[in-house]
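Q: My questions concern the predicted model and sequence given below.
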Amino acid sequence: HKSRGISLVLGTSSAYRMLGRLALLFPFPELIAGHGGMSKPCTWHDPTSSFCMRDDWQLAGCRNDWGENCTFMFFTNNTNIPGSPTIPDHPKGAIGDSLMTYKHACIGETYEGNPACDWTKNNPWRHPGAAPVLSPCGIGGGNPTGCPEGSDKSKCDGGGYSRGVDAREWPGNYHPSPWEIGSEVEVAWGIEANHGGGYQYRLCQKLPGQKNSDLTEDCFQANPLVLLGEAQWLQYGPNESNRAEIPARRSTAGTVPQGSQWTRNPIPACQKNDQGKCTDPEFPPPSVPSTFPIPAGFNGMSGLLNGWHIVDKVLVPNLEPGIYVLSWRWDCEQSAQVWSNCADVELKAPHTSPTTMSPSTTTTTTATASTVTTTTIALPDLFQDISGPDRACRGASRGDNSPSYYGIYFVDSLEECQERCTRVLDCKGIEYKGNRCEVWIREAGIEATKSASGFQCLRYLGAQGRMALLSKNAQTSTQKTFLRTRKTKASLFVQQQARRFGKGNAEL
């Protein structure tokens, strides 16, 4: 992932064309790919809030050494802006006040006027927000149709992988982050490998009954957020004492949606390095205290940034209270890529606290003119064992186990896995073993199981099951009350008979 020289991304057709033209002008060094992701609030990759703002935030959701389902591996590959750039190429010399994040490829050369020299002109950052995306929350690996197109699922040359899941197919966060309307809150993202460019945060309301898969880029573009002030912060790890204030470069000119605010990535990539020391960053790196940890492989702030977070403050807009999804979008300049993550947030009216729920019970209260009855259902009663122990959940058949059917969470107990399901709108059931919890959201539910030692597959009864249990409990309670009343009346009758006729007859 080390960026050396002018770098493009393998698998990008426009990159190959540009490479061919520029190769005639000067030799190209190593080709690379890079990655990034949102680290605050906790993303859908981190539903139990175990990784956000940590120094290993990028590992949230990871399944294998491809980086499958990792926070930093969700993007749209091979996407370009329509038409001409709205961020102009910078003049000859240093980038200076330009919003560009890469130097002109031919600065100072006699062939500087060659159109091929502006090698980033078609990439997303050159018209922020204009490049189309496959998902506002990102596609795992960035290449849903294969690399090359039509091939089976595999790791892709130059980074990423093919046929990954759309993050919108996941259930969402365990606990949405509470945001008070009108307040200032912090948001953050991090870089695994740098592509320059800039970023924006956006909101889309999730209406009752709506699935994550219903969320669209248009919905997010309707609510771009405003990052506050002319300052932002670089923070290493979760400790805010390792934080340095740096200038922020923000712009509302030539952006999509029109007039929306975008912020330049403040971290320069490295043009040249010598034995791990960056000798030529793309623009002057921001200053941080000498006591801060040095990013892996490079000096200063140019290069790999594991553990670092770019922090901004955002004003929570005056929208209707409710559940919203926050989308972070990073439009790259070096590559034809847009990186995206999503997280659940709850917009609350000022001075209200988040709603809490007991993890082990569901309580329903009904009232009449003369009585109030409270019925408590134990959490295990909301789930039904499917096919007995040592069974793993499947879709239509024993071999049907698409990753799109479920979200994976790491929990401390079966009860925590069950509770996670009850908080997911479309949960159909769970598969549990050890600390691994699959929350199934397949539309047709769990229709089959497969023998698997130590696994449990439980069907969630949902609202209908809950009502049936309430009715059953109510009937049982009524029957017990009737029996107690009958027994009491019988006892009183026996006592009356004993007093009237004597003990001998009372035993009748």
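A: Right, received. Where do you want to start? A quick note: this is a predicted structure, and the numbers were derived from the prediction, not measured. Numbers count the residues shown, from 1 in each chain.
Q: ok, the closest residue to Cys117 other than its chain neighbours - how many residues close by?
A: Once flanking residues are discounted, Cys117 sits nearest to Cys106: 3.6 Å by CB to CB, 6 or more residues apart in numbering. To be clear about C-beta, it is placed using only N, CA and C from the backbone, and glycine gets the same treatment. The number of residues packed near Cys106 is 19, by other CB atoms under 10 Å.
Q: Is it correct that Cys106 is in contact with Asn114?
A: Yes. Between Cys106 and Asn114 there is a contact under CB atoms under 8 Å: 6.4 Å.
Q: The residue nearest to Cys117 belongs to a helix, doesn't it?
A: No. Counting by DSSP: H, G, I helix; E, B strand; the rest coil, Cys106 is located in no helix; its state is coil.
Q: residue boundaries of the strands in the stretch 301-450 of the chain?
A: Along the stretch 301-450 of the chain, counting by DSSP state E, counting those that start in this stretch, strands occupy 308-315, 322-331, 337-348, 361-367, 372-378, 383-385, 391-394, 406-410, 429-433, 436-440, 448-451.
Q: Against which helices or strands is the last one packed?
A: Spelled out, that is strand 448-451. strand 391-394 (3 or more CB pairs under 8 Å, 6 or more residues apart in numbering; DSSP states H and E).
Q: which outside residues touch the strand it packs on?
A: 386, 400-401, 406, 429-431, 438, 440, 446-452, 455-457 (CB atoms under 8 Å, 6 or more residues apart in numbering).
Q: What strands flank it, and is each parallel or antiparallel?
A: strand 448-451 (antiparallel) (DSSP bridges).
Q: so for the helix or strand just after the partner strand, what's the average pLDDT?
A: Sequence order places strand 456-460 as the next helix or strand after strand 448-451, per DSSP states H and E. On average, the pLDDT along strand 456-460 is 95.
Q: With stretch 177-194 instead?
A: 94.
Q: Distance check, Glu447 against Trp170.
A: From Glu447 across to Trp170, the span is 21 Å (CB to CB, to the nearest Å).
Q: Neighbour count for those two, which is higher?
A: Neighbour count, other CB under 10 Å: between Glu447 and Trp170, Trp170 has more, with 27 against 14.
Q: so what's the nearest residue to the more buried one once chain neighbours are set aside up against?
A: In this structure, Trp170 finds its nearest non-sequential neighbour in Gly407, 4.4 Å apart by CB to CB, 6+ apart. Contacts for Gly407 (CB under 8 Å, 6+ apart) come out as 44, 47, 170-172, 424, 438-439, 441.
Q: do the same with Val165
A: 69, 139-140, 403-404.
Q: re earlier: please convert the buried members of the contacts of strand 391-394 into ChimeraX selection syntax.
A: Those of these that count as buried under 16 or more other CB atoms under 10 Å are selected in ChimeraX with:
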select :386,401,406,429,430,431,438,440,446,448,449,450,455,456,457
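Q: quick one: low-confidence parts of the stretch 151-300 of the chain?
A: Within the stretch 151-300 of the chain, the stretches with pLDDT under 70 are 158, 273-277, 293-300.
Q: Mind jotting down where the strands sit in it?
A: Assigned strands in the stretch 151-300 of the chain, in chain order: 177-180, 184-193, 198-205, 231-236, 243-247, 250-251, 262-264, 270-274, 277-281 (criterion: DSSP E, counting those that start in this stretch).
Q: Select, out of the ones you listed, the one closest to Arg63.
A: Arg63 lies closest to strand 184-193 among the strands of the stretch 151-300 of the chain, at 16.3 Å (CB to CB).
Q: So for the closest one, what gets flagged as buried?
A: For strand 184-193, using 16+ other CB under 10 Å, the buried residues are 185, 187-193.
Q: likewise stretch 311-330?
A: For stretch 311-330, by 16+ other CB under 10 Å, it's 311-312, 314, 316, 323-330.
Q: Kindly report the same for stretch 222-231.
A: 223-225, 227.
Q: Same question for stretch 258-268.
A: In stretch 258-268, counting by 16+ other CB under 10 Å, buried: 260, 262-268.
Q: Right, I'll leave it there.
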